[in-house]
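Asks: following is a predicted model, sequence given first.
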Amino acid sequence: MRILLLESFFTGSHKKWAEEFKRFSKHEIEIVSLSGHHWKWRMHGGAISLAQTLSAQENLNFDLILATDMVDLNIFLSLSRTWSHSIPTAIYFHENQLNYPWSPTDADVKLQRDNHYAFINYASALTADHVFFNSQYHQDAFLNALPKFLKAFPDNNNLETVETIRKKSSVLSLAMDLEKLDNCKPAKIEKPNRAVVLWNHRWEYDKNPERFFNALFELQEHGIDFQLIVLGESYGKRPPIFDVAKEKLADKILHFGYAETFEEYCKWLWMADVLPVTSNQDFFGGSVVEAMYCNVVPFLPKRLAYPEHIPEQFHATFFYDEDDFVVKLQRRIMDVKYLRVMDTTQYARKYDWKNMIGAYDKAMETLIKT
């Protein structure tokens, strides 16, 4: 079958997912995209640009149209109706703007948060023939938040549409090329005597870097010894805590900043021992899964999508309660030998494309048969 994949924010994990799906799938996938800049404008106007790009093409014989959450599916279909009217449609939610926590420094928050971005997600989900979410947590969070969101409008709230969306929704976990991390694993990993703490997320508000670094400051004051690797990408203005941490933890830092190549990123992952996660939001947690695959022991809050990654019988080992985060992290860091005999690769492997592509291809095939 021939699949049209629409992505109006083609960068980072969105770009990686689309390109890898195209590479691993047995189906023919054509990606039509826009660069990953100005995300709000991409949600407003990206669908128009995507439709115009396709209108200039000759071969528009697709079996399925698959858009991501950054695309206004309604606008795209209205502008493409001459050729798309009989083609099944689906939308894949990497994230959504209804549940996404905004930074208090965002200009839109100061002007009162604009619901339009969330409404685009809602309307696109309502329009699509099928809705895929990258985790069970994500699906539940979105559908459970919709009634309150719709009730905020003055009348004709259409609450029955929530059940309409629910009936055509399913979970299709994010797939990742994790085996690629094996290819750049050092032949011999020279780890220091002290535990190596890792940050490998975006440098943004929703990842809650303040709690992460404040915990490390507290451990440092208590004389707890560790080393630190800080990876990840910064989009625009980054939280000031990163600059504070770079100065206060200078003697503990092995690396601090964006890794320019995948090989460099990979090298640092294999060097790390423990990944304390403090995020306010994670609809899946790709950076956590990558670290786990490299045998970095995750230290996770028991919320968001994280409980789905590890069998429930092992939750006591890998999860913390909000009020004992620092105490339990200290124990982990001090027991470096214990960290280095644990096997977390086994929990991440299920998300590798080689294990997921069958489910992806089957899910797409089912949509053209219904």
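Replies: It's in. Please read these numbers as outputs of a predicted model, since none were measured by experiment.

Asks: quick one, helices of the stretch 151-300 of the chain?
Replies: Secondary structure of the stretch 151-300 of the chain (DSSP state H, counting those that start in this stretch): helices located at 160-167, 180-183, 209-221, 241-248, 262-271, 286-293.

Asks: just send these back as TSV, with distance to Lys40 too.
Replies: In this view, the C-beta of every residue, glycine as well, is placed from N, C-alpha and C. Output for the helices of the stretch 151-300 of the chain, formatted as TSV (distance: least, CB to CB, whole Å):
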stretch	distance to Lys40
helix 160-167	23
helix 180-183	32
helix 209-221	23
helix 241-248	24
helix 262-271	28
helix 286-293	22
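
Asks: could you export those helices as TSV, including mean pLDDT and mean neighbour count?
Replies: Output for the helices of the stretch 151-300 of the chain, formatted as TSV (pLDDT from 0 to 100; neighbours: other CB atoms under 10 Å):
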stretch	mean pLDDT	mean neighbour count
helix 160-167	98	14
helix 180-183	95	14
helix 209-221	98	18
helix 241-248	97	15
helix 262-271	96	17
helix 286-293	98	24
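
Asks: so which of these gets nearest Leu254?
Replies: Leu254 lies closest, by CB to CB, to one member of the helices of the stretch 151-300 of the chain: helix 262-271, at 7.1 Å.

Asks: give me the contact list for that closest one.
Replies: For helix 262-271, contacts defined as CB atoms under 8 Å, 6 or more residues apart in numbering pick out 180-181, 184-186, 189, 191, 196, 198, 200, 229, 231, 254-255, 259, 290-291, 294-296.

Asks: 7 Å instead, please
Replies: 181, 184-186, 189, 191, 196, 200, 229, 231, 255, 259, 290-291, 294, 296 (CB atoms under 7 Å, 6 or more residues apart in numbering).

Asks: so where's this protein shaky on pLDDT?
Replies: The chain contains residues with pLDDT under 70 at 102-113, 235-236, 370.

Asks: quick one, strands of it?
Replies: 2-10, 28-35, 64-68, 89-93, 130-133, 169-171, 196-199, 227-230, 253-256, 274-276, 297-301, 319-320 (DSSP state E).

Asks: can I get those in TSV with distance to Gln330?
Replies: Converted to TSV, the strands of the chain look like this (distance: least, CB to CB, whole Å):
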stretch	distance to Gln330
strand 2-10	39
strand 28-35	43
strand 64-68	40
strand 89-93	37
strand 130-133	36
strand 169-171	36
strand 196-199	11
strand 227-230	15
strand 253-256	19
strand 274-276	11
strand 297-301	11
strand 319-320	11
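
Asks: of these, which is nearest Ala215?
Replies: strand 274-276 (6.7 Å).

Asks: picking that back up, tell me which of the helices of the stretch 151-300 of the chain sits nearest to Ile333.
Replies: Among the helices of the stretch 151-300 of the chain, helix 209-221 sits nearest to Ile333 (CB to CB), with 6.8 Å.

Asks: and the closest one, what does it pack against?
Replies: helix 241-248, helix 325-334 (3 or more CB pairs under 7 Å, 6 or more residues apart in numbering; DSSP states H and E).

Asks: could you list the domains of this structure?
Replies: 2-176+352-369, 180-351 (automatic domain parsing).

Asks: that older thread, filter the contacts of helix 262-271 down to the buried ones and hand me the ChimeraX line.
Replies: Selecting only the buried entries of these in ChimeraX, with 16 or more other CB atoms under 10 Å as the criterion:
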select :181,184,196,200,229,231,255,259,290,291,294,296
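
Asks: residues touching Pro311, list them.
Replies: With CB under 7 Å, 6+ apart, Pro311 has no contacts at all.

Asks: can you tell me how far it sits from Leu181?
Replies: From Pro311 across to Leu181, the span is 22 Å (CB to CB, to the nearest Å).

Asks: Ile224 too?
Replies: In terms of CB to CB, Ile224 sits 29 Å off from Leu181.

Asks: how long is stretch 152-162 from one end to the other?
Replies: 14 Å (CA to CA, to the nearest Å).

Asks: could you shift the numbering so residue one becomes 20, and keep it that way?
Replies: Got it, the first residue is 20 from now on, which makes the last one we talked about stretch 171-181.

Asks: give me the distance from it to the chain's centre.
Replies: For stretch 171-181, the separation from the chain centroid amounts to 29 Å (computed by CA atoms, centre = their mean, to the nearest Å).

Asks: before we move on, what about stretch 29-38?
Replies: Centroid separation between stretch 29-38 and its chain, computed with CA atoms, centre = their mean, is 11 Å.

Asks: what does stretch 282-296 give?
Replies: Worked out by CA atoms, centre = their mean, stretch 282-296 lies 18 Å from the chain centre.

Asks: residues contacting the residue lying closest to Tyr119 once chain neighbours are set aside?
Replies: Leaving aside its sequence neighbours, Tyr119 sits nearest to Gln300 (CB to CB, 6 or more residues apart in numbering; 6.3 Å). Neighbouring residues of Gln300 by CB under 7 Å, 6+ apart: Tyr119, Pro120, Asp225, Leu323.

Asks: which residue packs closest to the last one, ignoring adjacent ones?
Replies: If you skip the residues right next to it in sequence, Leu323 has Asp301 as its closest partner in space, 4.7 Å away by CB to CB, 6+ apart.

Asks: got the phi and psi for that neighbour?
Replies: Phi and psi for Asp301, reported as degrees, to the nearest 10, are phi -160, psi 110.
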